[in-house]
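[1] Pasted the sequence and its predicted model underneath.
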Amino acid sequence: MSYDLIVIGGGPAGYLAGERAGAAGLKTLVVEERFLGGVCLNEGCIPSKTLLHSAKIYDYARFSEKYGVTAENVAYDHAKVIKRKNKVVKTLVGGINAKLKAYKVDVVKATGQILGRSSEGYQVAAGDQIYTGKRLLIATGSSAIIPPIPGAKEGFEAGFVVTNREILDLEEVPKSLVVIGGGVVGLEMASYFNSAGSKVTVIEMLDHIAGQTDGDIAGILLKNYQKKGITFHLSAKCTEVKSDGVVFEAGGRQEFIAADKVLISVGRRPNTSGIGLETIGVELEGNAVKVDEYGKTNVPEVYAAGDVNGYSMLAHTAYREAEVCINNMLGRRDTMRYNAIPAVIYTNPEVAGVGETEATCRAKGIDCEVVNLSMRYSGRYVAENEGGDGICKVLINKKYRSVIGVHMIGNPASEIIYGAAMLIESEMRLEDVKELVFPHPTVAEIIREAIFEF
Amino acid sequence: MATPIIMPRQGISVETCIITEWHKKKGDRVEVGDVLFSYETDKASFEEEAKEAGVLLEIFFEADQEVPVLIPIGVIGEPGEDITPFLPENMAQGQAADAAAPGGAGGADPAADAGAAAGAGASPAQVLSAGEIKISPRARNLAKKHHVDLRSAVPTGPEGRIIERDVHKLVETGPKVTAAAEAEYAVLDRPVAGTGIGGRVTTEDLQKAAAGPGAAVDFAPGGATAEGPQIPAVIEYQDQPLSNIRKLIAKAMHQSLVNSAQLTLNASFDATAILEYRKQLKAGQEGLGLENITINDLILFAVARTLVSYPALNAHFLDDTLRVFKNVHLGIAVDTDRGLMVPTLFDANLKSLNQLAKQAKRLISQAKAGSISPDELQGGTFTVTNLGTLGIESFTPILNPPQTGILGVCAIEYKVRPAESGYAHYPAMTLSLTIDHRAVDGAPAAQFLQELKQNLENFPLLLAK
């Protein structure tokens, strides 16, 4: 079978590329070895949000006295929550299937393997068939890293150690959970299992949690979690995984923590081996496929999008990268930009940020000006967040007086941040933003408040 | 009593002038005859002297601003006197009403003009500050809102004015730029590829462009080696804004080549006769003033007299008609400090050699001084351009549309030809004639050159004709 485009991988980059290519009239094949929707839909973004929402409702039910609401006999049924999660995932996967069908995109459930190149195009083996594509899109995503800690691999095989994939399908809430790696995935799971009743300990190598998140905001988040009863060990290195717990080293001292389950969430590695990239000579950079700003690899008509290029490892980045690839395939010049990609941590409180932070400005030599405002300047925030200590930071480029970064902690930051991304993406200046009308009362107004502080 | 300083009108076709320099500052005392300011039209530059003595009370327009003629640009008087009657906003309303009355700019775009009248009162500077971009205020507001680059707009309004629909068109199809990048982009001298939303030019694109070719070194594999590309880290340059005249020349030259079918013919003639004649003039009686007649004058004279027999070369090509002129109005290309200028010697064919030479001298010196009237910088029917004094042996002059011919005069070289015994050398001068092939064919043009050559080789006979 011959195609205009073969997409290897059916995650956010792959299925969206399939949709866009199909809509544009390209004869397209999507090859996916597990489930359409990829990690994001099946074992990442969507299932974790489903769980976190249940936890949030549970928290509200238990801790709403300060809002004048008390409930008795509040119970949490983890098995039911997981069941509902599976239903949500199934619904959404079905939606992707239907959409691809509507755009006449063929889907093969098999592992795709590039065999080589002929005059007709690139050969890809999937199942027992060989397909030929004039173009290829590599969208094989990434996998959780199991670091070379003694005992980690064995623990993983025994089911004691889990990654983002397995933890979402735990049938019971573990009594105690150790999370290795305090990044976004680790924090969301720590937050969930804390609410669900686990005793949670987070071990983080860096001296702060939440990775690239603004330092002040990461600090506030840490305090919120500590208040909820999560234990953190920062600047701590896990040295061994035993069968009943974890040994870590901090400040020159070794310590053991007992655990029923251990979540490893230290990062992800692009899936670039075992798919035949070497047969056509695709250049890698580290483990990632090297692409230019148009999503092109070094091989003609071979593109890559999503986690596999190692840039951002976020589903929404993957969407946009996929679109950039398809547009360039169709001859429409489109450039991938990474300066306004929002990042969200869906904990309670939510954290969201987009653009430069003070740290990245320093690293890049951007002369910036910062306003740091308490979220309590928003009426709606005060009304809905009793005792909330959220902040909103806005950064502008001093030279152009344009917005280059917005970072916030406080609900519902996740739903506000896209607006900030637009300000940054369109390079709006302070004076331009001042002319915009924000609905009142909303938490989003905090951005407007901050803008007028400059 | 306070007196306004009025921007003079130089020539009937001049609508606006650009103030190039103020020689007096606000608060300076001026005497009658003091030079107040310099200004230029698109063709020449001038100085304006004070007509009243007093103190320069106010300056309404700064240097580099384009100002409509006949409006006050400043006030002279005694300190404390009321200058409000002369304020541009008070005058501009009258102006706007005046402009609307005769039709012209008004008729086709009433909405825009209504805007002009209303807007004029508020900020006339905005109306005028666009340099040579003619635009209705309504269109300007729209352009500002969409951050479009007006330099890319195609004006379809009256008198080449950009109106609202042109901006709408630009928003759809033209280059776009983000709000933050707009100010820097506006003064950029070259196009930049936009990588922002919808292809908008972003501040990052500007920075990349500013980094220039030097930045490309980063991508050169292995860096610059002895054999590899030698790219200096910093390319030094200076951006010189084009003068109004340079812009005009650039446009005219390009338009000329784009819009006509130019063909250049070269022929040389024996210059013995004109050199001999010139020698006689020089040696002639003083007091007749003939000693100042130049070789160029002799050629101008011969061209004017010869052209009369070749009407298609003394003409304007106007798309569907050829406007043939009765008399020869000879354009003379003059190199000036500000660039090329072509004053017109009207009725050249009717003048005696002496009259022609005197007039040519005056036109050339006024063009060089920048004091020539704009009315004498138009109306030519054929042009002569002389690079011979600079040693050029042959060239391809560019037509001055809608004229159909331009003659390039080249340097004298010595050539040889067979003589009764062996070879003899003689001074030869090359003529490079460019014609618009749409109007004239090659053969008649060659015949003109042939006759011109004969007339120059037998100059005394031509004088007797």
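    All right, it came through fine. Numbers count the residues shown, from 1 in each chain, chains lettered A, B, ... in the order given.

[2] for chain B, what are the nearby residues on the stretch 351-454 of chain A?
    Selection of the stretch 351-454 of chain A residues close to chain B by C-beta under 8 Å from any C-beta of the partner chain yields A:Asn397, A:Lys399, A:Tyr400, A:Arg401, A:Ser402, A:Glu425, A:Ser426, A:Glu427, A:Met428, A:Arg429, A:Asp432. All C-beta spots, glycine's among them, are computed from the backbone N, C-alpha and C.

[3] what do you get for chain A?
    A:293, A:333, A:335, A:337, A:339, A:397, A:399-402, A:425-429, A:432.

[4] So residue 56, which state does it fall into?
    Looking at chain A here, since you left the chain open. In three-state terms, and counting by DSSP: H, G, I helix; E, B strand; the rest coil, A:Lys56 is helix.

[5] So which bits of chain B are right by chain A?
    So far as C-beta under 8 Å from any C-beta goes, chain B lies against chain A at B:Thr178, B:Ala179, B:Ala180, B:Ala181, B:Thr195, B:Gly196, B:Ile197, B:Gly199, B:Arg200, B:Thr202, B:Thr203, B:Glu204.

[6] list the contacts for the residue nearest to the fourth one when sequence neighbours are not counted?
    I take that to be B:Ala181. If the residues on either side of it in the chain are set aside, B:Ala181 comes closest to B:Thr203, at 4.7 Å by C-beta to C-beta, 6 or more residues apart in numbering or on different chains. For B:Thr203, the contact set (C-beta atoms under 8 Å, 6 or more residues apart in numbering or on different chains) comprises A:Asn397, A:Lys399, A:Tyr400, A:Ser402, A:Glu427, B:Thr178, B:Ala180, B:Ala181, B:Glu184.

[7] Which entries within the residues of chain A next to chain B meet the buried criterion?
    The neighbour-count test (16 or more other C-beta atoms under 10 Å in any protein chain shown) marks A:335, A:337, A:339, A:397, A:400-402, A:425-429, A:432 as buried among the residues of chain A next to chain B.

[8] got the contact list for the residue in the stretch 1-150 of chain B that chain A sits nearest to?
    Nearest residue of the stretch 1-150 of chain B to chain A (C-beta to the nearest C-beta) works out as B:His147 at 9.4 Å. Contacts for B:His147 (C-beta under 8 Å, 6+ apart) come out as B:Lys176, B:Val177, B:Thr178, B:Ala179, B:Glu182.

[9] if we go to 10 Å?
    By C-beta atoms under 10 Å, 6 or more residues apart in numbering or on different chains, the contact set of B:His147 is A:426-427, A:432, B:171, B:176-182, B:185-186, B:200-201.

[10] if we can go back for a sec, now, which of the residues of chain A next to chain B lie within helices?
    Members of the residues of chain A next to chain B lying in helices (criterion: DSSP state H): A:Glu425, A:Asp432.

[11] Lowest pLDDT pick from the residues of chain A next to chain B?
    Minimum pLDDT for the residues of chain A next to chain B is recorded at A:Arg333 (84).

[12] which residues of the stretch 251-400 of chain B score low on pLDDT?
    For the stretch 251-400 of chain B, residues meeting the criterion pLDDT under 70 lie at B:285-287.

[13] Report the secondary structure element holding the closest residue to chain B within the stretch 1-150 of chain A.
    Closest contact between the stretch 1-150 of chain A and chain B, by C-beta to the nearest C-beta, is at A:Arg20 (16.9 Å). Using DSSP states H and E, A:Arg20 falls within helix A:12-23.

[14] Can I get that helix in PDB, CA atoms only?
    The C-alpha coordinates for helix A:12-23 follow below in PDB (Å, rounded to 0.1, in the frame of the first residue of the first chain):
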ATOM      1  CA  PRO A  12      -0.800  13.600  20.300                       C
ATOM      2  CA  ALA A  13       1.700  14.400  17.600                       C
ATOM      3  CA  GLY A  14       0.800  11.400  15.500                       C
ATOM      4  CA  TYR A  15      -3.000  11.400  15.600                       C
ATOM      5  CA  LEU A  16      -3.200  15.100  15.200                       C
ATOM      6  CA  ALA A  17      -0.800  15.000  12.200                       C
ATOM      7  CA  GLY A  18      -3.100  12.300  10.800                       C
ATOM      8  CA  GLU A  19      -6.200  14.500  11.300                       C
ATOM      9  CA  ARG A  20      -4.600  17.500   9.700                       C
ATOM     10  CA  ALA A  21      -3.000  15.600   6.800                       C
ATOM     11  CA  GLY A  22      -6.200  13.800   6.100                       C
ATOM     12  CA  ALA A  23      -8.200  17.000   6.200                       C
END
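
[15] helices or strands next to that helix in the packing?
    Contact analysis of helix A:12-23 by 3 or more C-beta pairs under 10 Å, 6 or more residues apart in numbering or on different chains; DSSP states H and E lists strand A:2-8, strand A:28-32, helix A:38-43, helix A:78-102, strand A:106-109, strand A:129-138, strand A:302-304, helix A:315-329 as its packing neighbours.

[16] Try it again at 6 Å.
    strand A:2-8, strand A:28-32, helix A:78-102, helix A:315-329 (3 or more C-beta pairs under 6 Å, 6 or more residues apart in numbering or on different chains; DSSP states H and E).

[17] so which of these is the most packed in?
    Highest mean neighbour count of the helices and strands packed on helix A:12-23: strand A:28-32, a mean of 27 (counted as mean count of other C-beta atoms under 10 Å in any protein chain shown).

[18] residue contacts, A:Cys45?
    Contact analysis of A:Cys45 by C-beta atoms under 6 Å, 6 or more residues apart in numbering or on different chains lists A:Ala315.

[19] how near is it to A:Lys99?
    Going from A:Cys45 to A:Lys99 by C-beta to C-beta, to the nearest Å gives 18 Å.

[20] Equivalent analysis for A:Ile230, please.
    39 Å.

[21] Who are the contact partners of A:Phe193?
    A:Leu177, A:Val200.

[22] Assign a three-state SS to it, would you?
    At A:Phe193 the chain is in helix, as set by three-state DSSP.
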